[in-house]
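In: Fold the following and give me the result.
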Amino acid sequence: TWKKLGTLHPEIGYSTEFIDMYEARGLAFVGARLDEGEFLDVVTMSEDELLATYDCGGVTDAKTLAALFAFRRAHGR
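Out: Here you go, the predicted model:
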């Protein structure tokens with residue numbers, strides 16, 4: 001199941017780019033088909049683990065932090 005959490009505009013000053021953020025449940029990782037030269041690390045952690053990783057400087061990506069904020073707001077936290 002998918003639930004839209006919000007929309008993010010990462011380059012508001014000079015681009016019309018937007019990113020829709022979703023919460024997805026009931027998914028199963030079945031692998032990836034990456035483009036040549038593309039890399040992706042899939043990391044699974046709980047909300048508490050993500051917050052702890054942020055607290056020690058391990059998560060600095062603005063899109064990840066915006067999604068965490070939207071997720072917490074959607075769940076009354």
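
In: Output the longest helix belonging to the protein.
Out: helix 62-74 (DSSP state H).

In: Next one: the residue nearest the centre of the chain, what pLDDT does it get?
Out: Taking CA atoms, centre = their mean, the centroid of the chain lies closest to residue 64, which sits 4.0 Å from it. With respect to pLDDT, residue 64 has a value of 92.

In: and it, how far is that from residue 14?
Out: Per CB to CB, to the nearest Å, residue 64 is found 22 Å from residue 14. Backbone N, C-alpha and C define where each C-beta goes, glycine included.

In: Could you do residue 35 as well?
Out: In terms of CB to CB, residue 35 sits 26 Å off from residue 14.

In: cool, residue 31 as well?
Out: Residue 31 is 36 Å from residue 14, by CB to CB.

In: swap in residue 52?
Out: 35 Å.

In: Could you check which of these two is surrounded by more residues?
Out: Set side by side, residue 52 and residue 14 show more neighbours around residue 52, with 13 against 6, by other CB atoms under 10 Å.

In: Tell me the pLDDT of that one.
Out: 96.

In: do the same with residue 44
Out: 87.

In: Next, count neighbours for it.
Out: 6.

In: same thing with the one 5 residues further on?
Out: Residue crowding around residue 49 was assessed by other CB under 10 Å; the count is 12.

In: and it, what element?
Out: Assessed by DSSP states H and E, residue 49 sits inside helix 47-55.

In: Can you name every helix or strand that that helix contacts?
Out: helix 62-74 (3 or more CB pairs under 8 Å, 6 or more residues apart in numbering; DSSP states H and E).

In: Just the CA coordinates for the helix it packs on, please, in PDB.
Out: Only the C-alpha atoms of helix 62-74 are listed here, as PDB (Å, rounded to 0.1, in the frame of the first residue of the first chain):
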ATOM      1  CA  ALA A  62      18.100  16.700   2.700                       C
ATOM      2  CA  LYS A  63      15.600  14.500   0.800                       C
ATOM      3  CA  THR A  64      16.000  11.700   3.400                       C
ATOM      4  CA  LEU A  65      15.500  14.200   6.200                       C
ATOM      5  CA  ALA A  66      12.500  15.800   4.600                       C
ATOM      6  CA  ALA A  67      10.900  12.300   4.100                       C
ATOM      7  CA  LEU A  68      11.600  11.500   7.700                       C
ATOM      8  CA  PHE A  69       9.900  14.700   8.800                       C
ATOM      9  CA  ALA A  70       6.900  14.000   6.600                       C
ATOM     10  CA  PHE A  71       6.600  10.400   7.800                       C
ATOM     11  CA  ARG A  72       6.800  11.600  11.500                       C
ATOM     12  CA  ARG A  73       4.100  14.200  10.900                       C
ATOM     13  CA  ALA A  74       1.800  11.700   9.100                       C
END
